[in-house]
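Peer 1: prediction below, plus the sequence it came from.
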Amino acid sequence: MKYCFYIGLLLNILLLQACKKKAVAPPVQIANLKSASSFPVGAAISSIGLQNNYVYQGTFITEYNSLTPDYEFKFDQIEQQQGHVDYTACDYIINFALQYHIRVHAHTLIWHQALPAWVLSFSGDSLAWENLFKTHIQTEAAHFKGKVSSWDVVNEAIRDNNGALRNNDIQTGDGSIWRRHLGPDYIARAFQYAHEADPGAFLFYNDYGQEWNGPKLDSMISLVNKLKQRGIPISGIGMQMHTDINVSNNNLTSALQKLAATGLKIHISELDISVNPNNKANIVFTDTLQLAQAAKYQFIAETYRAIVPAAQQYGITTWEFSDHDSWIPAFFNRKDWPLPFDADYKKKPAYYSLLKGLKN
Ligand code: XIL
């Protein structure tokens with residue numbers, strides 16, 4: 001009898017504990033970036049990565065619902081020899097995207113870089129240049145019609161030092177053959193030609209430096225506003241945002257405010273956050289740097305969501321997603337760890353803070 005009482009008591013205690021546990025359910029764990037976010041979250045990816053690296057492909061499919069081809073759609077990749085257009089690598093990416101229902105933001109039709117040698121050495125009058133320009137835009141845009149959602153039609157047309165259009169820039173060697181041979185209105189015509197070839201695609205002007213270069217930002221805003229006023233079919237602006245842990249939060253906020261005021265879609269299109277902007281040779285990626293980077297990822301995502309109206313939120317895309325594949329160390333010849341996944345495709349503090357910034 002006595003034992004029965006004790007057993008009953010014990011059962012009651014256990015039941016109470018179980019009820020208590022039920023009442024305080026653990027917080028819902030969001031499993032990935034794309035389900036945390038109300039707008040598409042993307043990364044630049046490469047066909048080589050998809051083909052050769054199972055972890056790369058798996059991580060991408062789990063986390064993202066938008067992609068930008070890292071280099072496959074660039075002029076020098078598709079038409080190394082004049083008239084010999086090869087879309088094999090591009091089509092690999094397109095088929096991957098179709099299979100997994102991933103949005104494709106295509107990059108890029110007109111850029112002063114990544115040009116094949118035959119374009120750089122092309123000699124012809126303005127009519128011949130116009131023909132080359134138009135044929136390139138329309139052949140490529142027509143090939144991907146209905147398969148891509150959007151294009152970076154013109155990339156990086158504005159100079160860093162005074163907000164003027166790139167032209168000869170003899171001193172820096174960083175001019176634009178397009179501006180030089182086609183005149184300043186080539187930008188408007190690029191949008192018109194792309195729209196003729198794929199009227200359903202959203203068309204973007206894409207550039208960098210909005211968060212640190214005031215004159216360049218103002219020039220970009222004036223450029224896109226004029227295009228809009230003339231009825232040129234531009235849908236959005238890409239902020240590349242190759243940025244770093246020291247960038248001013250105030251500048252970031254005000255750049256987003258000014259860009260959102262154009263009414264165009266805003267795409268943070270190539271985000272990465274450098275922890276070694278001053279090229280320190282012996283830098284170590286300390287916990288302090290990890291946390292500073294994480295805080296910046298969170299701030300950018302939160303500020304984008306707070307400032308850009310929902311209808312204008314085209315998404316946030318990082319340039320690749322793992323430190324293993326970032327362009328920064330090779331391009332700037334330095335150690336750096338700019339992305340949310342480490343070189344082993346493990347989630348960094350930056351990943352968890354980006355996730356938090358997307359869902360708060
Ligand atoms: C980079 C690619 O990631 C590299 O693989 C390539 O060697 C150089 O270009 N801004 C852009 C992107 O618009 O196209 C660049 O991509 C990075 C800077």
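Peer 2: That came in fine, so what should we check first? Numbering: from 1, shown residues only.
Peer 1: can I get stretch 314-328 in CSV? Just the C-alpha atoms.
Peer 2: This file holds the C-alpha atoms of stretch 314-328, laid out as CSV (Å, rounded to 0.1, in the frame of the first residue of the first chain):
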residue,chain,number,x,y,z
TYR,A,314,15.0,42.1,-55.0
GLY,A,315,17.2,40.2,-52.5
ILE,A,316,20.6,39.8,-51.0
THR,A,317,23.3,37.9,-52.9
THR,A,318,26.8,37.1,-51.6
TRP,A,319,29.7,36.7,-54.1
GLU,A,320,30.1,32.9,-53.6
PHE,A,321,29.3,31.7,-50.1
SER,A,322,32.5,30.0,-48.7
ASP,A,323,35.9,31.5,-48.0
HIS,A,324,37.2,28.6,-50.1
ASP,A,325,35.8,30.2,-53.2
SER,A,326,36.0,33.9,-52.6
TRP,A,327,37.6,36.1,-55.3
ILE,A,328,39.1,38.5,-52.7
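Peer 1: does the ligand have contacts with it?
Peer 2: Yes: counting by Cβ under 6 Å from any ligand atom, the ligand is contacted by stretch 314-328 at Trp327. All C-beta atoms are positioned from the backbone trio N, CA, C, and that covers glycine.
Peer 1: may I see the buried residues of that stretch?
Peer 2: 314-328 (16 or more other Cβ atoms under 10 Å).
Peer 1: what's the farthest-apart pair in those residues?
Peer 2: Tyr314 and His324 (26.7 Å; Cβ to Cβ).
Peer 1: start and end of stretch 193-207, how far apart?
Peer 2: 20 Å (Cα to Cα, to the nearest Å).
Peer 1: could you pull out the helices for the stretch 1-150 of the chain?
Peer 2: For the stretch 1-150 of the chain, applying DSSP state H, counting those that start in this stretch gives helices covering 2-23, 33-36, 47-52, 54-63, 75-78, 88-100, 117-120, 126-143.
Peer 1: now those helices as JSON lines including mean pLDDT?
Peer 2: Output for the helices of the stretch 1-150 of the chain, formatted as JSON lines (pLDDT from 0 to 100):
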{"stretch": "helix 2-23", "mean pLDDT": "51"}
{"stretch": "helix 33-36", "mean pLDDT": "97"}
{"stretch": "helix 47-52", "mean pLDDT": "98"}
{"stretch": "helix 54-63", "mean pLDDT": "98"}
{"stretch": "helix 75-78", "mean pLDDT": "98"}
{"stretch": "helix 88-100", "mean pLDDT": "98"}
{"stretch": "helix 117-120", "mean pLDDT": "96"}
{"stretch": "helix 126-143", "mean pLDDT": "98"}
